[in-house]
Every structure is written in structure tokens, then in C-alpha cells.
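>>> any chance you can model this:
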Amino acid sequence: MTELFTLLSLPATSNGFSAHRYTVVDASSHPHKTPRLDDDSDPGSALRSRDRARGKAAAKDGPLVIQIHDFPARTLDTNYDRSFARLKGCLRVLLTKDTKELLPTTHEGVFTDCRAVVRCADRGEALYDAVHVELERCCGALRSDLARGRDDVDAVEWLDLCVRVCKWFEDQVTLLRALLAYLDRSYVLKNPGLASIHDLAFSTFKSQVLDCSHIIEQIRSGVRDWLVWERDKSMESPHRGCIQSLVSHLVTHGVYPVIFERFVGEHTLAYYSAEAETHIHEMKITPELFLVHVAQRVAEEEARAVAVFLPTTVALVRRATRHGLLDGRLEWLAHGAMEPLMNARGTDRLNLAYREFAAVDALSVLCKEFKAVVQNAVAIIIKDAEHDDEMIDRLLEFKAFTDAALQAAFISPETQQPNRDFSYALTDAFAYGFKARRNKPAELIAKHLDRLMRRGQRDMSDADFDALLDSVLGLYRYTDDKDVFRAFYHRALARRLLLERSASDDFEKTMLKKLKENYDPEFGMGDHMFNDLALSRDILREYRNRFPEDSQRHRLSVMILQRSVWPFAARKKGVDLLPWMQSEVDSFVAFYKSKHKGRKLDWDHSLGTATLKARFAAGPKELTVSLYQAVVLLLFNDTTELGYSQILEATRMEENELKRTLQSLACANKKVLKKRPAGREVDEADVFYFNAGFTDPRAKVHINSIQAKETPEESKRTQTHIDSDRKHYVDAAIVRIMKAKKELSYEQLKTQTIDAVKSHFVPEVVVIKQRIAGLVEQEYLRRDDDDMNKYVYVA
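Next up is the predicted model:
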């Protein structure tokens, strides 16, 4: 009997139809609905079948649909068995590595056999099982090959073998998937519980090969050796390309995180922890150099991870590197590196430290050390009594650097603003640093401002000069001794105004406004000073208008000041003016008393000035001197030499004041007088004479700078006055508090007293205890009868 396959596959010229008798089924014998054939895929197929069954003429060259009945199936089964056998042979060849056996058929033949076995023979399950079996066999063989390869090469070279195995298997699975596509589409998709050929192959490879413990260990061993080689030599290994391929294959099989990524993180952590111990304990690396080493290592690891690993691994490696190098060493690193970095004035290195500590969530450690270093540096500057003249300049320079470091080095990535904790730490560090020495910093800040106000802005713009003044006032915020600053600033302001040494009245008024509004309301006293000066000018103008313009009375300049406004105590002893000087003073006194009955004028000649014309051998000069200096110099109009005792008798000045005056005339840079014997100090046995050979390139010579500077004795007197005022402040605060509260414990009274006066100064606890004891003696307070630690107000 002719085979059905021969009938269906021969061309149209075959005699198959004439050799086989067939029966065409008439539609009339089948009254029911005509079924659609398998090959029909469009909605009109059934209609066309019915039309042909009813005997309608088929289209020219159209297909003729026939049905064959009572055909024996043994021939079909035999052919399907052959197709199935060929498929199994193909599977064996395709899934055997390095085989020399050829495929039993072409790729197209494999696809055709698969279609016949799955669709026509309905043996998809058997073929699927055969694929599974061959995959199991193949993966087992590959595992054995990899195991044998361990003995022939080192761990890194073995990775190359592993990569080749993975690539071969993946290539074969890709080919197998294409050849058995009909199995995937027609059988696997209809059975949701089954894995596709790709998934089945990869899961089998994973379970048989990549889940094997000795394979995993060998992969990790090779990766470890490669990492150690690159890290030790700090250069790229020839095997890097192999590692990149390995990563790709592990990702493909879904085992990259378990086999590779986790291991790399753990090994990196252990490697750098050991390296840190070696560098610190054996190589004795300094903390600042170790910080650079950390940054360098992190950069190397990040570059390697970006080039070889997945993006998720980059962050893991970077984090593991930092933790390995820094964990357990953060305090040592911060303590040892911060001070050298601050001393080097390098914001780049400080920013490096900030980034590294931020990366391991340890900014609190760095911030604590930053605060300690700044506080210690400020305290050192303030306690350096030998360089008090440089204190404020050094503090300003250090403050400018720390502010710049805050803006450039300690920047929060989220806000791009200085880290708030570091800002607070900087403020606290300066405040605590200023506590290292009481009173003196506030005094020197006031004197520094005095120098700036006398010097003026010079070549600076108004904005720059204003910024400079603000920077000095910024230091004033950190001192607790506000009353000390106020006292010395008031005295310096008074000297500038009376001696007309201020560079700008506008800047003076602007500064007073800032101090009054932003720091201390009591700086309103400066406004009264300007009012006094304005009134003095009006009175002096009125006095001069009484005399002709060429009158000698116009030579006198007088300032009438309220003693309550100006910070100068009444002098017990002044100076005896020359008769013609005293005559002019008496004339003004008579005028003033005629205008203001009942007022008393106390003259303070220590702040007076005079302009003298002197004739030297080199030519005439105009000398601007203090009134004390003028009185002494005018004595030499009548004689060329005078002894110290003679000058003292003629002027009747205080001895210390006279010595200071003579020293400024005969021992300073501008010696209009000379003395015998020569020297820097004035003794009672010295003899002074006029220096006719005095020279100076300027026609107008200023010698009264001694007036603008406060003497040590004056500073001491001012400090004594401040201490006295503080006692009164504390006494008044204690009485005011007790009057309101009636009774308080010692601790409560101490705390409330500090709060009451801290806007002026922060009293020491010993002082508070002494003032409480003094008030008890004066019977403003008494101790409680039952509790000696409690005080009661006495009405």
C-alpha cells in the first residue's frame, strides 16, 4: 500500500492519487454542521467547506479538501518514532561539549521533526522529558569538567575555563531554543506548570553546576586572587576581561548577588581592615596621611567596580572599603588629623575628611573633634599674654578661616548649605575658648575697634570697611564681659571725639547704632556725646563772636561736657597753666557763668591739645601736642636747660604724668627735647634741653599720639571701676530677686542672679557667694532658721 507521507509530500505530477482509491464525502450524508479543519484559521473557512460539500464549483486552481477513512496508523507511528529518535540524537549532539559527532539532520530537519512529534504525534511530553534528561546529563558532564580543571590551572586561570563553559552552554541553549521553538509554543504554553526550554536549561545548569559548593568556592577563590593582585599592585590585571565576562554570565543565570556580589563585599571589608591595621600599627602612618590613603583606596575601588561589576555592586564595594579602613579607627583619625588639617589652613583636605566621615555616618565624631580643635586654638590665642597686641588680628584671621572652611568644607549634600551641627559647634567653640581668659579679650576688641575708627577706611570701599567692622563685632558676640567692652569702647570713643582723631563721624554713628540695636541698649550714651559736642560748638561760636576776628581769644577752643555722659573721672590734680593761658581760660569761665548761673566747670587739661610754632636749625615747624606737652615745651622759651625737679615745680603735674610727658618729648621717635644722660626712662636726676637739631620731612608734626593711647595705669583704673560696678550689679540683682521671691535656696538664687546680669557679664560663683554673704551682713537677707541653705528676704 502506498504510504500516506509519500502521497502528501510528492509534487502535483505524482501518481499518488491514481494509485490510491479515495472517497469524497458528500455533504448530504452529513446533515450536521461542518467542522473547521485544523489548518483553517479564518472565520470563512467553515463556510467554504460547506459550500464545497454541497457540490458548489470550486474556484479555479483552488484546493480540494478530502477525507480518508479506514487508513492504518502503524505506518504513521513508525515515522514519528524515527523523528523522535532523530530528535534525541540531535539533543545528545547539541548538549555534548567538544563532541566530534555531527547532527543526524539539518537544523530545518530538527525543527520539522519537532513539529511532527509535538503536533502530529502528540508526544510533546515525551520530547520535553527527553530534553530535561539531556540537560541533566550535559550539566553533570560540565560540572565534572570544571572539577577536573581545578587541578590543571590556578584559580584565576580556572575562571577562564568557567567562562568558556558558561558561554558554550548559553550558546547551545539559544540554539536549542530556536530548534525546539514548536515545543515551547505548542506544548509548554498549554501547560502553565512547565518551564520554557530556556528556563529549564538555565535552572538545570544552576542546580547542577552553579549551586555546587566546590564550584562556588573555586569561583570565589579566583575572584579573590584577582582582587588581591590588583589591590596589591594598584594596577589592572590581564584577567580583568575574564572577570567581566564571568560577571555577565553570573547575572545571566541569576546567581550574581549570591555567588559574587556578597563575597566581593565581605572580602573587601576583610582586606581593607587588615590593610588598615598594617598601615597604622606596623607602618606607623600619620592620621592625616591615612585619610589621604582612604580616599585614594576608595577611588581605586570605585573605578574598578564601575569597570567590572554591576552598578549595585559599586556602592557596596565603596561602602565596604570605607568601613574596612575606618571602622574602629574613627576617633583616632579625627583626633589625629583634624588639628594638622586646621593648622595647614587647607579646606580641600577638610572637605575630604568630611566626605569620608559622612560616608560612614560618623560626622558626629568629626564634629566633636572640630569643636575641640577650634576651642583649643581660640584659648591658646587668648591666653598668649605676651602677644596681646596681636590677639584680635589672630582671632580675626582664624575666624575668617573657620568661616571659609564651614562654607567650603562642611557642606551638607542635601541642602548645599553648611552643616548645621558644624555651625553650632563653631559658635560654641569660640564662646568656650573666650572663657579661657576673663575681661582681656573684651578690652582688646574695644581697642582694636578704636584703631580701626581712627585709621578709617583708607583705600577700602565703604562696604569692605563696614564688613571689617562687622567681623570685629562678631568676636564681641563670644565674650561674656560685655560691660568691659562697653567701658573701654566708651573711653576710646570719647578720646577720638575730643581729640578729633576719628576718621569719620558717619562711621562712628553707624557703629553706635549697630551696638545699640544689636548688642547693648546702653550704647545710647554715645548719642549724648555727639549732642554735647554740638552744644559746645554753639557756645564756643557765641563766645568768639564777642571779640574781633583778629583777637587772641579766637585761639581758645573749649568743649563743655556732661560728667554723667563722658567716661572720665574728675582729676584730683591737673597742671598749672602759663599765665597767659590761664587768663584766656578765666575769660571763658566768666562768659559761661554769665550765661548759666549755678553751674560749675571742672577743667580736665589731660585731654587738651595745642598747636605750637617752633624754630629749629632746619627751619620752622608746626607742632601738634597735648596741653601737658605744650606747658612743658613753653618753659624752654625762657631757658635752654631744665632739670626734672624744676619742670615738676613749674607745672605741678602728677609725677607719673610728668614722666610720661617728658618721655614722649625726649625719648620717643620725635625728640624735640633731649636729656642727659640719654636713655629710654626718665629719672628725677635727668636734665632736659631744647633739641635745635630736630628734623622731620613734614612741616606739621604730630607728637600728641600719647593722648590717644590708654596707659596701663588708666586701663587698671578702668578695670577697677568695672569690678566695683559689677559688685553693685550683683547686689542689686540679688536684692531685686529676693524682694520678688521672698525666699530661695542658694542654688536657685545663684542661677537667677546669673540670668539677671548675664547681658552685662557672667559673674563667677565665688563672687555671687561673697555678695550674698555681704548682703546677709548688711541685713538685706537672712538664712532660714530650719534650712541654712535657704535665704529669706528681710523687708
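>>> C-alpha only now, for contacts and for neighbours.
Fine.
>>> any idea how far residue 399 is from the residue nearest the centre of the chain?
Taking C-alpha atoms, centre = their mean, the centroid of the chain lies closest to residue 410, which sits 1.1 Å from it. The span separating residue 410 from residue 399 equals 15 Å under the rule C-alpha to C-alpha, to the nearest Å.
>>> quick check: the residue nearest to the centre of the chain touching residue 418?
Yes: A contact is recorded between residue 410 and residue 418 when judged using C-alpha atoms under 8 Å, the distance being 5.6 Å.
>>> list the buried residues of the longest helix along the chain.
Scanning the chain for the helix with the most residues, using DSSP state H, yields helix 712-741. Judged by neighbour count (16 or more other C-alpha atoms under 10 Å), helix 712-741 contains these buried residues: 718-719, 722, 726-727, 729-731, 733-735, 737-739.
>>> who are the packing partners of that helix?
Under the contact criterion of 3 or more C-alpha pairs under 8 Å, 6 or more residues apart in numbering; DSSP states H and E, the helices and strands touching helix 712-741 comprise helix 482-498, helix 746-757, helix 765-777, strand 790-793.
>>> assign residue 688 to helix, strand or coil.
Each residue gets one of three states, and residue 688 gets strand by DSSP: H, G, I helix; E, B strand; the rest coil.
>>> show me the helices in the stretch 201-350 of the chain, by range?
Counting by DSSP state H, counting those that start in this stretch, the stretch 201-350 of the chain has helices at residues 213-233, 240-252, 262-277, 287-308, 311-326, 330-343, 347-359.
>>> over to the stretch 401-550 of the chain?
Per DSSP H, counting those that start in this stretch, the stretch 401-550 of the chain has helices spanning 420-434, 440-455, 462-476, 482-498, 505-514, 525-544. These are given in chain order.
>>> can you tell which of the ones you listed is closest to residue 267?
Residue 267 lies closest to helix 420-434 among the helices of the stretch 401-550 of the chain, at 34.8 Å (C-alpha to C-alpha).
>>> which positions within the closest one qualify as buried?
Neighbour counts using 16+ other C-alpha under 10 Å place 422-423, 425-434 of helix 420-434 among the buried residues.
>>> quick one: mean pLDDT over it.
Per-residue confidence for helix 420-434 averages out to 94 on the pLDDT scale.
>>> what does stretch 330-339 give?
For stretch 330-339, the per-residue pLDDT values average out at 94.
>>> may I have the phi/psi pair for the residue nearest to the centre of the chain?
As for residue 410, its main-chain torsions (degrees, to the nearest 10) stand at phi -110, psi 60.
>>> now do residue 309
phi -100, psi 180.
>>> contacts only, for it.
244, 247 (C-alpha atoms under 8 Å, 6 or more residues apart in numbering).
>>> run the last query once more with 7 Å
With contacts taken as C-alpha atoms under 7 Å, 6 or more residues apart in numbering, residue 309 has the following neighbours: residue 247.
>>> pull out the buried residues from the host helix or strand of residue 125.
Secondary structure from DSSP states H and E places residue 125 in helix 124-149. Going by neighbour count (16+ other C-alpha under 10 Å), the buried part of helix 124-149 is 124, 127-128, 130-132, 134-143, 146-147, 149.
>>> which neighbouring elements make contact with that helix?
Contact partners of helix 124-149 among helices and strands, from 3 or more C-alpha pairs under 7 Å, 6 or more residues apart in numbering; DSSP states H and E: helix 74-94, helix 197-205.
>>> the shortest one vs helix 124-149, what angle?
In this structure, helix 197-205 runs at an angle of 40 degrees to helix 124-149, with axes from the mean of the first three to the mean of the last three C-alpha atoms, to 10 degrees as the basis.
>>> before we move on, what about the first one?
Interaxial angle of helix 74-94 relative to helix 124-149 (the same axes, to 10 degrees): 20 degrees.
>>> now the element after helix 74-94, going C-ward?
The first helix or strand that comes after helix 74-94 along the chain, using DSSP H and E, is helix 107-115.
>>> and that following helix, what's buried?
Within helix 107-115, the residues that qualify as buried by neighbour count (16+ other C-alpha under 10 Å) are 107, 110-115.
>>> ditto for stretch 272-286
Along stretch 272-286, the positions that meet the burial threshold by neighbour count (16+ other C-alpha under 10 Å) are 272-273, 276.
>>> same thing with stretch 208-217?
Of the residues in stretch 208-217, 208-210, 215 count as buried by neighbour count, 16+ other C-alpha under 10 Å.
>>> tabulate those residues in a markdown table, adding columns for pLDDT and distance to residue 754.
Formatted as a markdown table, the buried residues of stretch 208-217 follow (pLDDT from 0 to 100; distance: C-alpha to C-alpha, whole Å):
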| residue | pLDDT | distance to residue 754 |
| --- | --- | --- |
| 208 | 93 | 80 |
| 209 | 94 | 78 |
| 210 | 94 | 75 |
| 215 | 93 | 75 |
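>>> dump those residues into JSON lines; add distance to residue 510 as well.
Compiled in JSON lines, the buried residues of stretch 208-217 are given as follows (distance: C-alpha to C-alpha, whole Å):
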{"residue": "208", "distance to residue 510": "86"}
{"residue": "209", "distance to residue 510": "84"}
{"residue": "210", "distance to residue 510": "80"}
{"residue": "215", "distance to residue 510": "81"}
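>>> report the distance from stretch 571-583 to the chain centre.
For stretch 571-583, the distance between its averaged C-alpha position and the chain's averaged C-alpha position is 64 Å (C-alpha atoms, centre = their mean, to the nearest Å).
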